[in-house]
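In: 3D, please:
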Amino acid sequence: MYRFLSFCVLGLAVGLAAAAPVSAQGFGVYEQGACMMGRAGAGVADPCRDASGVFFNPAALSFTSKTVTLGGALIGPKGTFTDTSGGPLDGTVSKLNDKWYPVPNFYVSAPFMKRVAFGLGVFAPYGLTTDWPATSEGRFLGYKSLVQGVYFQPTVAFKVNDQVSVGGGVDITYLNVELRQRLDLAPVAIPGTPYTFGQVGVPAGTDFADLQLKGHAWHAGYHVGVQVKANDRVSFGARFLSQQVVGITNGAIRTTQIDTGLSLPPTLGGYPIDPLLAPLFATGGQLSNQSATSSIPLPSQFVAGVAYKVMPQVEVFADYQFTHWSAFAVLPIDGEYLSESITESYKNVSGVRLGTEIGLGKRAVVRGGVNLHGAAAPDQTVTPNLPEGSRREFNVGLGYQLTRSLRFDAAYMYLYQPDRAGRTGAMPNNGIYSFDANLLSASVSFMF
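Out: Residues are numbered from 1 along each chain as shown. Okay, the predicted model is just below:
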């Protein structure tokens, strides 16, 4: 029973690898500015002049004016799991709760003298929210995963000459976690007997406990970039976001017993089951409230790209992105009474972003782009906590200069993920996850 309960808590904790919702490789979130989102995130060689270069390429701040940008995205994921196991649940469909999730961002750029610029950004490049009904088929692995990785990045950029700029910053990271999971009574051993509850007639899928895992931690990393303007038409750029391994030392597991109203069969005394389980939840019991620790990798990213002005009002962008997802190999959980680890075996992922920006007169700009990338999660990791897969993202955007010092940008993205086999319990995969999402983004920039 101890091993079974340990596995359940670990299944819940898989959601740790996940803050804002499912819109990039693994549990990354690249939608950190409305202007750049309209280009599908492409433009490391020539980021938007709205101060979001703090995230997309710190070196670009050397070429921007004094700007404050306030914006964010709304992400509306839609997903289902269809059981195809051929068993009693075959054909059962579980559906994500229909919600929109906000992902705000804030940037400041401030040139100083002729060659130096300072900046500050607040954004969430890693995270996930998945929210299934508490009655969904996958609830025993996890029905809610909320993880928010918020970065506070003070930045400095230096213009080497009129063509070359370098920049970097310190990423001060706050990681917050809250996860929910149910426990199934059927596989649990009956105290004092060689039987499990399932062997004496308790149906599989009988909820007897609700688990909540919470924790938070601070960590630090760094972010560097370079931008080269080869001439008036061609620019090159690259950036690197460092890996962080965030240790959560103050985690807590809180449990609630769920009454089943069931009794043992007469051959075993006919005793009510719920009182037999109560000692598990008492102080010192296997399912009592307890502290826990873990460590979560936030992988490094490398992006390189080129920007080309086809004509004065038309610019195209192409970026290559590499994310070191293989850093997420094992997820450890060390509780007071439960200690184990689960193999994740993520793989590194590459992606290509293509975008364009077309000026319409002196005030308006339209944008568009696509992003294509593969899956980071192996088949055994495709669970309700993170039903991740290869994705196709299609973007459009609009920018408008309202006044000389005030600019508005907006963007829309449709995210499509091909159906992927996954699981809601122990191996092997027992069904199909279907997923897509709509994303809206807007920002206002004040230029001084």
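In: was I right about Gly335 contacting Ile253?
Out: Yes: at 6.0 Å, Gly335 counts as touching Ile253 under the criterion of C-beta atoms under 8 Å. Every residue, glycine included, has its C-beta placed from N, CA and C.
In: helix, strand or coil: sort out the residue of the chain most remote from its centre for me.
Out: Distance from the centre of the chain peaks at Thr267, with 50.2 Å (C-alpha atoms, centre = their mean). The assignment at Thr267 comes out as helix when based on DSSP: H, G, I helix; E, B strand; the rest coil.
In: per-residue pLDDT, it?
Out: If you check Thr267, the pLDDT there is 86.
In: got the buried residues for stretch 142-153?
Out: Buried residues in stretch 142-153, counted by 16 or more other C-beta atoms under 10 Å: Gly142, Tyr143, Lys144, Ser145, Leu146, Val147, Gln148, Gly149, Val150, Tyr151, Phe152, Gln153.
In: what does stretch 285-303 give?
Out: Neighbour-count burial for stretch 285-303 flags 286-288, 290, 292-301, 303 (criterion: 16+ other C-beta under 10 Å).
In: try stretch 66-83
Out: Under 16+ other C-beta under 10 Å, the buried positions of stretch 66-83 are 67-73, 75, 77, 79-83.
In: now those residues in JSON lines, with pLDDT, secondary structure and distance to Asp232?
Out: Putting those into JSON lines (pLDDT from 0 to 100; DSSP: H, G, I helix; E, B strand; the rest coil; distance: C-beta to C-beta, whole Å) gives the following:
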{"residue": "Thr67", "pLDDT": "94", "secondary structure": "strand", "distance to Asp232": "22"}
{"residue": "Val68", "pLDDT": "96", "secondary structure": "strand", "distance to Asp232": "28"}
{"residue": "Thr69", "pLDDT": "97", "secondary structure": "strand", "distance to Asp232": "26"}
{"residue": "Leu70", "pLDDT": "96", "secondary structure": "strand", "distance to Asp232": "31"}
{"residue": "Gly71", "pLDDT": "96", "secondary structure": "strand", "distance to Asp232": "29"}
{"residue": "Gly72", "pLDDT": "94", "secondary structure": "strand", "distance to Asp232": "34"}
{"residue": "Ala73", "pLDDT": "94", "secondary structure": "strand", "distance to Asp232": "33"}
{"residue": "Ile75", "pLDDT": "93", "secondary structure": "strand", "distance to Asp232": "37"}
{"residue": "Pro77", "pLDDT": "91", "secondary structure": "strand", "distance to Asp232": "42"}
{"residue": "Gly79", "pLDDT": "94", "secondary structure": "strand", "distance to Asp232": "46"}
{"residue": "Thr80", "pLDDT": "96", "secondary structure": "strand", "distance to Asp232": "50"}
{"residue": "Phe81", "pLDDT": "96", "secondary structure": "strand", "distance to Asp232": "52"}
{"residue": "Thr82", "pLDDT": "97", "secondary structure": "strand", "distance to Asp232": "54"}
{"residue": "Asp83", "pLDDT": "96", "secondary structure": "strand", "distance to Asp232": "59"}
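In: mind telling me the two of these farthest from one another?
Out: Thr67 and Asp83 (50.9 Å; C-beta to C-beta).
In: in strands, which of the buried residues of stretch 142-153 appear?
Out: Assigned to strands by DSSP state E, the following of the buried residues of stretch 142-153 qualify: Lys144, Ser145, Leu146, Val147, Gln148, Gly149, Val150, Tyr151, Phe152, Gln153.
In: low-confidence ranges in the stretch 1-150 of the chain?
Out: Applying pLDDT under 70 to the stretch 1-150 of the chain flags the ranges 1-26.
In: all strands of it, in order?
Out: 67-83, 93-95, 101-112, 116-131, 144-159 (DSSP state E, counting those that start in this stretch).
In: tabulate the ones you listed in CSV, adding columns for distance to Val166.
Out: Output for the strands of the stretch 1-150 of the chain, formatted as CSV (distance: least, C-beta to C-beta, whole Å):
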stretch, distance to Val166
strand 67-83, 20
strand 93-95, 48
strand 101-112, 15
strand 116-131, 11
strand 144-159, 6
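In: those: which one's closest to Gly374?
Out: Smallest distance to Gly374 across the strands of the stretch 1-150 of the chain (C-beta to C-beta): 17.9 Å, for strand 116-131.
In: burial measure for Thr193, as a count.
Out: The number of residues packed near Thr193 is 12, by other C-beta atoms under 10 Å.
In: should've said Asp232
Out: So Asp232, with other C-beta under 10 Å, has 8 neighbours.
In: pretty sure it sits against Ala307.
Out: No: the pair Asp232 / Ala307 is not scored as a contact, 11.6 Å apart, by C-beta under 8 Å.
In: tell me how many other residues crowd Trp444.
Out: Just so we're on the same page, residue 444 is Val rather than Trp. Residues contacting Val444 under the criterion other C-beta under 10 Å number 15.
In: low pLDDT regions in the stretch 201-350 of the chain?
Out: 338-340, 342.
In: let me see the ranges of the strands in it.
Out: Under DSSP E, counting those that start in this stretch, the stretch 201-350 of the chain gives strands at 207-229, 234-241, 244-257, 290-298, 301-311, 314-323, 330-335, 339-343, 349-360.
In: out of these, which comes closest to Phe158?
Out: strand 207-229 (10.6 Å).
In: now that closest one - C-alpha only, PDB.
Out: Provided in PDB are the C-alpha atoms of strand 207-229 (Å, rounded to 0.1, in the frame of the first residue of the first chain):
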ATOM      1  CA  ASP A 207     -12.500   7.800  -4.600                       C
ATOM      2  CA  PHE A 208     -11.500   7.700  -0.900                       C
ATOM      3  CA  ALA A 209      -9.000  10.600  -0.600                       C
ATOM      4  CA  ASP A 210      -8.400  14.000  -2.100                       C
ATOM      5  CA  LEU A 211      -4.700  15.200  -2.100                       C
ATOM      6  CA  GLN A 212      -3.500  18.800  -2.500                       C
ATOM      7  CA  LEU A 213       0.200  19.600  -3.000                       C
ATOM      8  CA  LYS A 214       1.400  23.200  -2.500                       C
ATOM      9  CA  GLY A 215       4.800  24.800  -2.400                       C
ATOM     10  CA  HIS A 216       6.800  27.800  -3.600                       C
ATOM     11  CA  ALA A 217      10.500  28.800  -4.000                       C
ATOM     12  CA  TRP A 218      12.800  31.500  -5.200                       C
ATOM     13  CA  HIS A 219      15.700  31.000  -7.600                       C
ATOM     14  CA  ALA A 220      18.000  32.900 -10.000                       C
ATOM     15  CA  GLY A 221      19.400  32.500 -13.500                       C
ATOM     16  CA  TYR A 222      20.400  34.800 -16.300                       C
ATOM     17  CA  HIS A 223      19.500  35.900 -19.800                       C
ATOM     18  CA  VAL A 224      21.900  37.200 -22.500                       C
ATOM     19  CA  GLY A 225      21.600  38.300 -26.100                       C
ATOM     20  CA  VAL A 226      23.400  39.900 -29.100                       C
ATOM     21  CA  GLN A 227      22.000  41.800 -32.000                       C
ATOM     22  CA  VAL A 228      23.900  42.700 -35.200                       C
ATOM     23  CA  LYS A 229      22.600  45.100 -37.800                       C
END
